[in-house]
Structure formats: structure tokens, C-alpha cells
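**Q** Need coordinates for the below:
(one chain, ligands or ions: 2)
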Amino acid sequence: MAASSVFGSSSLCSPMFTQTSFAPSHGASLSVRCASTSSDLDPGVPPLKHRRAAEENIRDEARRNNPCHNFSAKYVPFNADPSSSESYSLDEIVYRSRSGGLLDVQHDMDALKKFDGNYWRSLFDSRVGKTNWPYGSGVWSKKEWVLPEIDSDDIVSAFEGNSNLFWAERFGKHFLGMNDLWVKHCGISHTGSFKDLGMTVLVSQVNRLRKMNRPLVGVGCASTGDTSAALSAYCAAAGIPSIVFLPANRISMAQLVQPIANGAFVLSIDTDFDGCMQLIREVTSELPIYLANSLNSLRLEGQKTAAIEILQQFDWQVPDWVIVPGGNLGNIYAFYKGFQMCKDLGVVDKIPRLVCAQAANANPLYLHFKSGWKEFKPVKAGTTFASAIQIGDPVSIDRAVYALQNCDGIVEEASEEELMDAMAQADSTGMFICPHTGVALSALIKLRSQGLINATDRTVVVSTAHGLKFTQSKVDYHSRGIKEMRCEYANPPVQVKADFGSVMDVLKKYLHTQDSKLLH
Ligand SMILES: Cc1ncc(COP(=O)(O)O)c(C=O)c1O
Ligand SMILES: N[C@@H](CCOP(=O)(O)O)C(=O)O
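**A** Numbers count the residues shown, from 1 in each chain. Ligands and ions are numbered 1, 2, ... in the order given. As a prediction, the model looks like this:
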């Protein structure tokens, strides 16, 4: 295959391809470089990119450099029988298969496989940390594997993704005797949670559909607070109306104010998340409102890039374990899909074992796992500090079971005390995590003590939201204001009179409890 048939003619060659020459898996060398400068002729020296003209913005620049390719994707019934021919264009408005089952986005793997693992690794690496539209985003830097056919012009992005993978040195050594423990901070993000990764994809596709004059007046979701924040921000950026259904008094103040500030139409409904989810499904089947929950498989295409990013951050080495907190259960499948796609396309040679961690008060997947995957029964989710995963009837249950069964996965649960202690322990080592990440860390603590995860296993805990969204739970914990909880790691402030002597007394007492060396 010639370069021109895959990426268009060299005159259309995109800047990201000017830096590396990539080889397809089937032999003949594929060079997609634009040999336009003298430094271009030396493979060791990346060509100097000239600053774009002042009247041009990064979208205009992308339009000028738009690469052509043969990659495509479509909806198919999730886990369909291979003989099934049911499929839908991504430009159709469809959330369920004919039989009422879930859908999945299926990529043309034969087209992607024309390029080997080395090609994809080099291409993705070449895009990290740049401002090229849209590849500066951690999601869109993998565009060919996400929404290959969308025009870059239609993309709505906040350059999300590329979140830091934090070496949890002190937490690992001090609390777990582990040396290779990492926290993937997906919550250090545009709206403070991993939902940005999926929402950029979904809102971009809506943007495209609206330009195609599809009858979509707005986009709607049910939410425990993070999906709604992401939806409203991306819609506001694109000028698309957003409608959010929130369970009244069950989300944090910081989460509630996000869609309000971003101009969403906010309905606070006197029910739980599962009740809101039921309502939004009914409403979106009646009105021209596009459904943004992860029932919509487009979302997972963005979320799966966090898995690819983890591999990339480890220089394409595969960790042993990845632990993900689970609620509506789209994300655990998204992680599986990202890892599996890397394996199928020769980017890595295996996938990690996944652990899905649930709050014991909202643990339908855990109960299902413990029953040996017998019949699944939804539960009535109880109140939990991990309020964003207070979900009893997860829409992606089939996806989660599939993912866990195919990676020798495990499900663990955490009591309220366990998750709050784990959050406080992590914070005491310099993190500032959300209670859901506390659930994931509790699962890790349990699996370590059971000997399932070894001291030397390279383990990644996925932190799903920023701790600043959940400060009330931390205030309650550190003021020992939680009924029937010891709050063992609480660190309440000390009230002291405003005079030098009182301050000195308090400080000396404190220093005595610390290493006595501090006094000298
Ligand atoms: C902060 C946070 N963590 C974890 C989850 C769980 O993700 P999922 O619903 O995809 O299982 C959610 C949402 O449900 C969330 O908002
Ligand atoms: N935690 C989620 C719950 C809904 O999940 P979704 O992935 O199906 O949108 C939220 O923040 O709303």
C-alpha cells in the first residue's frame, strides 16, 4: 500500500507525520513524511515546524493538514454472535440493538492491522505534549482508534487526557510494602473527573450530527455528578443545549454547581440515580435529546484511551494489575477494551488483570462475582461517601462481566470506614483523592493482605475524580463527625489563642510527638 492511499497525498501530509517515518506491518516501507525542509532529509533531526500565520488558528491549521485514511467504525450489538450482520453507522441515533441489548463501537481492525505495533506506538508518542489540533488531547491523539471518520473541525475538545501517572512511593512503601504502585489521576482534568475522556467524543459526534441537520435539540444525561459536569462543560464549549437529571441531595455541592455554572438545564429529581437513569431513557426516546450516559457506547471510545495512555506512560510495558472503581460499569469495560485493542494491534503482547472496586453499600457487581457469575440481581443502592458510584442497577453490567471474565479479573468491595480510611491514608502521603479512589485503594489493601497482589507487582489504581469535588466528606472525616466511624487517620485542626505563648506551647507539644531530632 502506498502512503498516498492511506493518508492522502504528501501535499496534504499532517505535521505530526512529518516527524517520524512509520512502517506498515506488511513489508514495504511506508513513509508519510513531507520532505519539505533540508532537516527533513536527516532522519535523526525532526523538521522545524514553522509558526502558523497570525490569521490562522489551530483548527484552520488542522483543516489544511487533514490526513486521509481508510479507517472506519460502526455500532454492532455488544458481544454479538459472529454470524450477526446487524450494524449501524455512527451517524445514526441508536443506543440499543434490535434485541434490546447493548451496542459496541467496532473498528475496522483489518484496516488498523495494516500498521504494526511499532507504527502505532511511534505515532501516538509523537503527538504527546503538543498543541496540534486535535492531537494535543490525550483522547484525540488516538483518533484513528476512537472516531476515525470525524472531521477534526467537528471535534469539541479541552485537550483532555494526558493525566499524570503518579508513583505512589510513600503510600505504597508505608502502607503496603509495595515499590511499584501508581495512581492514574484521571480526575486531574478539565471538569475534575475521567468523564471528560468520553464526553469529548460524544459531544463531538453530536456536533457533527447537528451540522448534518440531524434532529437533535440538546443532549441529556442522568448523573451522580461527574457525567453532568462533563456534559455541560463540553456542550457549553460547543454552544449545544444540555439537560441534566440529578438525584436531589445525593451529589456534592461542587458537582451540583458545575452544570449550573455551565448553563445546563438542571433538573433536581426526588429519586436516586437509578430512578434518574430510567427517566432519561424514557425522555430521550420521546424527545430530540441525545443520550449522553455510558449506555451510549460512544462514551467508552474516549474512556478507553486512559488504558492506552497508561501503557504509553510505562513505555509500552504492561502493568500486572489495574484497579478501577465501578458504578454504572462503563469504565471497567472501557479499560478492558483499551488494553485489548493494544494487544490485538500488536502494541503490547498481553493485558493486565483488572479489579473492579465497589462500595459495599452499592455492590451489585461484587455480589454477582461472589455468586460465581450466576444470575445478576440489581440492588437498592444505599448511601455512600462514594456518592458517584451509588448505583444499584448498572447499565453496563454485561460489559463489565465480559471484561472481567476475559482478563481473569476480580471484584472487591469496601465498607464506608475502609474507603474513608484509605482516602485519608492516601491524602496523608500527599495525594488529595476522592472517596471513589478510596474504594479502589481499599480493594488494593485487601488484595495485598490476601496475598493476591504481591509486593513487587506493578499496580495502577485509577483515580476517577478530583478530591476537591468531595471536600465535605473529608471535613466530616477529619472532624470525627461521622456516626459509628473511628476516623482513625483524622487530623483535626487545633484551636489556639492568638498569643505567642499559647502558640509555642501547642507547637512544642506537637514537636515532642514527632521525631525528637526536630527539637535540635
Ligand atoms: C468519580 C467516579 N468514579 C467512578 C465512577 C464509576 O464509573 P462507571 O460508572 O463507569 O463504573 C463514577 C461514575 O459512575 C464516578 O463519577
Ligand atoms: N458516576 C456517573 C454515573 C453515570 O455514569 P455514566 O458513565 O453512565 O454516565 C456520573 O457521574 O453521573
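**Q** and residue 68, what element?
**A** In this assignment (DSSP states H and E), residue 68 forms part of neither any helix nor any strand.
**Q** Any idea how many residues pack against it?
**A** Neighbours of residue 68 under the rule other C-beta atoms under 10 Å: 12. C-beta: built from backbone N, CA, C; applies to glycine.
**Q** Residue 109 too?
**A** 12.
**Q** looking at it, residue 89 is touching residue 74, isn't it?
**A** Yes: with contact defined as C-beta atoms under 8 Å, residue 89 and residue 74 form a contacting pair (6.1 Å).
**Q** Domain boundaries for this structure, per the record?
**A** 69-194+296-519, 217-287 (the TED database).
**Q** Tabulate those domains in TSV, adding columns for distance to residue 204 and mean pLDDT.
**A** Compiled in TSV, the domains of the chain are given as follows (distance: least, C-beta to C-beta, whole Å; pLDDT from 0 to 100):
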stretch	distance to residue 204	mean pLDDT
domain 69-194+296-519	5	97
domain 217-287	8	98
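**Q** Distance to ligand 2 added to those domains, as CSV?
**A** Output for these, formatted as CSV (distance: least, C-beta to the nearest ligand atom, whole Å):
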stretch, distance to ligand 2
domain 69-194+296-519, 4
domain 217-287, 3
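**Q** In JSON lines: those, plus distance to residue 52.
**A** Listed next are the domains of the chain as JSON lines, based on distance: least, C-beta to C-beta, whole Å:
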{"stretch": "domain 69-194+296-519", "distance to residue 52": "10"}
{"stretch": "domain 217-287", "distance to residue 52": "22"}
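**Q** which stretch among these comes nearest residue 201?
**A** Minimum separation from residue 201 across the domains of the chain (C-beta to C-beta) falls at domain 69-194+296-519, 3.7 Å.
**Q** hang on, the earlier thing: which of the domains of the chain sits closest to residue 206?
**A** Nearest of the domains of the chain (C-beta to C-beta): domain 217-287, 5.5 Å.
**Q** All the helices of the stretch 51-200 of the chain, residue numbers only.
**A** For the stretch 51-200 of the chain, the helices defined by DSSP state H, counting those that start in this stretch cover 58-65, 109-112, 117-127, 143-146, 169-171, 195-211.
**Q** for the closest residue to residue 437 other than its chain neighbours, what are its contacts?
**A** If the residues on either side of it in the chain are set aside, residue 437 comes closest to residue 463, at 4.1 Å by C-beta to C-beta, 6 or more residues apart in numbering. Taking C-beta atoms under 8 Å, 6 or more residues apart in numbering, we find residue 463 in contact with 183, 184, 185, 186, 187, 431, 433, 434, 437, 440.
**Q** Residue 58 now?
**A** Contacts of residue 58 by C-beta under 8 Å, 6+ apart are 52, 131, 132, 133.
**Q** got a list of contacts for the one helix or strand residue 306 maps to?
**A** Using DSSP H and E, residue 306 maps to helix 305-313. With contact meaning C-beta under 8 Å, 6+ apart, helix 305-313 is reached by 121, 124-125, 128, 138-139, 141-142, 145-146, 161-163, 165, 184, 186, 194, 197, 317-319, 322, 334-339, 341-342, 347-348, 460, 462.
**Q** Can you tell me which of those are buried?
**A** 121, 124, 138-139, 141-142, 145-146, 161-163, 165, 184, 186, 194, 197, 318-319, 322, 334-339, 341-342, 347-348, 460, 462 (16 or more other C-beta atoms under 10 Å).
**Q** Filter the contacts of helix 305-313 down to the ones in strands?
**A** Using DSSP state E, the members of the contacts of helix 305-313 that fall in strands are 165, 184, 322, 460, 462.
**Q** can you give me the helices for the stretch 201-350 of the chain?
**A** Going by DSSP H, counting those that start in this stretch, the stretch 201-350 of the chain shows helices at 226-238, 253-261, 273-286, 298-303, 305-313, 330-344.
**Q** other SSEs contacting the fourth one?
**A** When contacts are defined as 3 or more C-beta pairs under 8 Å, 6 or more residues apart in numbering; DSSP states H and E, helix 298-303 packs onto strand 103-107, helix 195-211, helix 330-344.
**Q** Tell me who's in contact with the residue lying closest to residue 276 once chain neighbours are set aside.
**A** Closest residue in space to residue 276, ignoring its immediate chain neighbours: residue 222 at 3.6 Å, by C-beta to C-beta, 6+ apart. Residue 222 makes contacts with 244, 245, 246, 273, 276, 277, 279, 280, 293, as judged by C-beta under 8 Å, 6+ apart.
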